[in-house]
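Colleague: Below are the sequence and a predicted model; questions follow.
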Amino acid sequence: MLKYRIVIQYSDEDECYVASVPDLRGCMAHGATPEQAMKEILVAQELWIETAIEGGQQLPEPLLYVS
């Protein structure tokens with residue numbers, strides 16, 4: 001299974017933690033804590049991938065991030 005980078009940031013505007021998978025367009029989730037946001041983004045990522053496969057889309061390759 002491909003492993004994608006997950007980003008979790010606190011949003012002052014939304015007053016919660018927002019998690020995203022940059023390589024999967026629109027794959028986002030949120031939670032009251034970073035741990036909850038991580039739990040939710042893992043579910044969202046799985047559903048995003050399942051939907052893409054069912055729709056006949058090719059999954060994007062994870063991008064290499066250098067810090």
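Modeller: Great, that's in hand.
Colleague: Where does pLDDT dip in the protein?
Modeller: For the chain, residues meeting the criterion pLDDT under 70 lie at 1, 64-67.
Colleague: try it again with 80
Modeller: Under the criterion pLDDT under 80, the flagged ranges of the chain are 1-2, 64-67.
Colleague: how about the strands in it?
Modeller: 7-11, 16-20, 28-31 (DSSP state E).
Colleague: mind putting these in JSON lines, mean neighbour count and distance to Gln58 included?
Modeller: C-beta here means a position set from N, CA and C on the backbone, and glycine is covered the same way. As requested, the strands of the chain are exported to JSON lines (neighbours: other CB atoms under 10 Å; distance: least, CB to CB, whole Å):
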{"stretch": "strand 7-11", "mean neighbour count": "12", "distance to Gln58": "23"}
{"stretch": "strand 16-20", "mean neighbour count": "20", "distance to Gln58": "21"}
{"stretch": "strand 28-31", "mean neighbour count": "19", "distance to Gln58": "21"}
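Colleague: where do the helices sit along this protein?
Modeller: 34-54 (DSSP state H).
Colleague: which residues touch the residue nearest to Lys39 when sequence neighbours are not counted?
Modeller: In this structure, Lys39 finds its nearest non-sequential neighbour in Gly31, 6.9 Å apart by CB to CB, 6 or more residues apart in numbering. Counting by CB atoms under 8 Å, 6 or more residues apart in numbering, Gly31 touches Cys16, Tyr17, Ala19, Ala37, Met38, Lys39, Glu40.
Colleague: How many residues are close by the fifth one?
Modeller: When neighbours are defined as other CB atoms under 10 Å, Met38 has 15 of them.
Colleague: which residues touch it?
Modeller: Counted by CB under 8 Å, 6+ apart, Met38 has contacts Ile6, Ile8, Ala19, Gly31.
Colleague: distance of Gln57 from Leu24?
Modeller: For Gln57, the distance to Leu24 (CB to CB, to the nearest Å) stands at 11 Å.
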